[in-house]
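> Here's my sequence, what's the structure:
(chains A, B, C and D)
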There are 2 protein chains.
Amino acid sequence: MPSHSTNPDYIPDIVIGRLPIYLRALMRLAQDGQEVTSSHELGRILGISSAQIRKDLSHFGGFGKQGTGYQIAYLEEKLRQVLKVNREWEIVLVGAGDLGQAVANYRGFSDRGFNIACVFDSNTQKIGKKPGNFVIQPMAELKETVLAKGIQIAMIAVPAEYAQEVANQLIEAGVRAILNYAPISINVPDGVHVQYIDPVAHLQRMTYYLK
Amino acid sequence: MPSHSTNPDYIPDIVIGRLPIYLRALMRLAQDGQEVTSSHELGRILGISSAQIRKDLSHFGGFGKQGTGYQIAYLEEKLRQVLKVNREWEIVLVGAGDLGQAVANYRGFSDRGFNIACVFDSNTQKIGKKPGNFVIQPMAELKETVLAKGIQIAMIAVPAEYAQEVANQLIEAGVRAILNYAPISINVPDGVHVQYIDPVAHLQRMTYYLK
DNA sequence: CATATCATGTAAAACAATGTTACTATAATT
DNA sequence: AATTATAGTAACATTGTTTTACATGATATG
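The predicted structure is shown next:
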């Protein structure tokens, strides 16, 4: 997450983070049969100011039409291009415990262009066919398999104490983006991106405001 | 998420959001048998500057000792107090499909003080005993049950098209904090907090930087 | 015991993000 | 033709966030 105001092409990560939210809203509007929307409507739906939406989008070009608004299908396509999700991505999943199996079986990934291409676990008893259609492979095969497939994205669903070591191996195998379900922060070199899914952290963030 | 610089007690939400991360790191250090840490060590572990950690903590008082650092157990306890997680919280879960059942069976919640107290689903065929120890109740019983138990926290794991309506019913029943697993933004009145779990949005945020 | 080192807490400064306003250009509607 | 709606842009003000610098106190060392 570099910044460097010296680089005019630099776009704040916080802006990138809002694009999937815009995309999600556009998909919903499209599904409801709507063809055109506006920054005001999007803002109302998302609880974001219309000015901010226009400003965010203007980083990437003019996608709307003055007086009319945005063609939903067109803007959706443009956002997919920007986010590079106008293609399918293969993912490697490490960890086939309860959490890992739930992640493997979650339909939302393949529905939205992310295919789990292989699953690894250190428990040799799990090697073989287990959840859904996935053949669980031993960790020893990770590097070779991931390199061969050229996979750049990983999900980690192992106990916290193993997450860092797993991350190291993944990075060794060429992974550049990690979605970490383990409740622990991991250290990665520059150029590798990490996002965290920790539902309990989200809950704890809200309890502050309760009672 | 109000601000108002007129209120000296106001603490930025982004600061609140980092406290669970600090807590998570402290728990790990404690588990490893360590008794004392410092803002520098925490910063190194978390990839956050030590100054920011000190500043964040200073909002709530002086928890450290100059020259020494922070007693891990003490700081952990203080953070729990601030976040109000030095107690157990009951949660209502709505949605008992694949995702809802996976959420219901996830050990991480009860391990960290969040107990799923009841589960609702609109599919009458699911009413009865299904996942883990949870008896799935019909939506018609939601308001009465949640009000009677005084539950303030909910998790939504229903298809996106039903999420807003479910949220409305939950808020009617007194819920003030919602963890939404449905990939859609929901509108809530002031005083109700929402957090989102959308793994695909996290992945899409990272693909921008790939290739 | 004096000195060096380490670490917190905080004030000030620097930086970044957001919101506001004003404006132009364009499109659709009346 | 006039009115209304909207995007896109720029300038600005405001707010929020992070970093820097440093005074103070604690600990360790020689």
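
> A:Ile156 and chain B, how far apart?
According to Cβ to the nearest Cβ, to the nearest Å, A:Ile156 and chain B sit 12 Å apart. C-beta here means a position set from N, CA and C on the backbone, and glycine is covered the same way.

> do A:Ala96 as well
Counting by Cβ to the nearest Cβ - A:Ala96 and chain B are separated by 14 Å.

> I figured that residue was touching A:Asn105, is that so?
No: shown here, A:Ala96 and A:Asn105 do not form a contact pair, counting by Cβ atoms under 8 Å, at 10.9 Å.

> Comparing the two, which shows the higher neighbour count?
Set side by side, A:Ala96 and A:Asn105 show more neighbours around A:Ala96, with 24 against 16, by other Cβ atoms under 10 Å in any protein chain shown.

> Give me the nearest residue to the more buried one, chain neighbours excluded.
Counting by Cβ to Cβ, 6 or more residues apart in numbering or on different chains, the nearest residue to A:Ala96 once its immediate chain neighbours are dropped is A:Asp121, at 4.1 Å.

> check contacts around the residue nearest the centre of chain A.
With distances taken as Cα atoms, centre = their mean, the residue of chain A nearest its centroid is A:Leu179 (7.0 Å). Contact criterion Cβ atoms under 8 Å, 6 or more residues apart in numbering or on different chains gives A:153-156, A:194-197, B:199, B:202-203, B:206 as the residues in contact with A:Leu179.

> Adding neighbour count as columns, could you present those in TSV?
Formatted as TSV, the entries for these read as follows, by neighbours: other Cβ atoms under 10 Å in any protein chain shown:
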residue	neighbour count
A:Ile153	23
A:Ala154	27
A:Met155	27
A:Ile156	29
A:Val194	18
A:Gln195	17
A:Tyr196	18
A:Ile197	20
B:Pro199	20
B:His202	20
B:Leu203	23
B:Met206	23
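
> Quick check: the two most widely separated of those residues?
Among these, the pair separated by the greatest distance (Cβ to Cβ) is A:Ile153 and A:Tyr196, at 14.7 Å.

> Could you measure from the spatially closest residue to A:Gly150 that is not a sequence neighbour over to chain B?
What sits nearest to A:Gly150 in space, not counting adjacent residues and going by Cβ to Cβ, 6+ apart, is A:Gly174, at 7.2 Å. Using Cβ to the nearest Cβ, one gets 11 Å for the distance from A:Gly174 to chain B.

> Need the per-residue pLDDT for A:Gly174.
What the model reports for A:Gly174 is a pLDDT of 98.

> what about the lengthiest helix in chain A and DNA strand D, touching?
Counting by DSSP state H, the longest helix found in chain A is helix A:13-31. No: for helix A:13-31, no contact with DNA strand D is found by Cβ under 7 Å from any atom of the strand; the gap never falls below 9.8 Å.

> Am I right that A:Cys118 is in a strand?
Yes: the assignment for A:Cys118, made by DSSP: H, G, I helix; E, B strand; the rest coil, places it in a strand.

> quick one on the thing from earlier: now, which of the contacts of A:Leu179 lie within strands?
The members of those that map onto strands under DSSP state E are A:153-156, A:194-196.

> and the helix or strand bottoming out on mean pLDDT in chain A, what does it pack onto?
When the helices and strands of chain A are scored by mean pLDDT, DSSP states H and E, strand A:128-129 comes last with a mean of 75. Contacting strand A:128-129 under the criterion 3 or more Cβ pairs under 8 Å, 6 or more residues apart in numbering or on different chains; DSSP states H and E are the following elements: strand A:135-138.

> Mind listing the strands the strand it packs on pairs with, and their directions?
Strand pairing for strand A:135-138, using DSSP bridges, gives strand A:114-121 (parallel), strand A:128-129 (antiparallel).

> Would you mind finding the most buried of those strands?
Between the strands paired with strand A:135-138, strand A:114-121 has the highest mean count of neighbours, a mean of 20, where neighbours are mean count of other Cβ atoms under 10 Å in any protein chain shown.

> quick one on the thing from earlier: would you mind giving the secondary structure of the residue nearest to A:Gly150?
From three-state DSSP, the assignment for A:Gly174 is coil.

> try the one 4 residues further on
For A:Ile178, the reduced secondary structure class is strand; criterion used: three-state DSSP.

> From A:Met139, how far out is the closest residue to A:Val146 other than its chain neighbours?
Counting by Cβ to Cβ, 6+ apart, the nearest residue to A:Val146 once its immediate chain neighbours are dropped is A:Ala173, at 3.9 Å. According to Cβ to Cβ, to the nearest Å, A:Ala173 and A:Met139 sit 11 Å apart.

> One more: A:Tyr74?
Going from A:Tyr74 to A:Met139 by Cβ to Cβ gives 45 Å.
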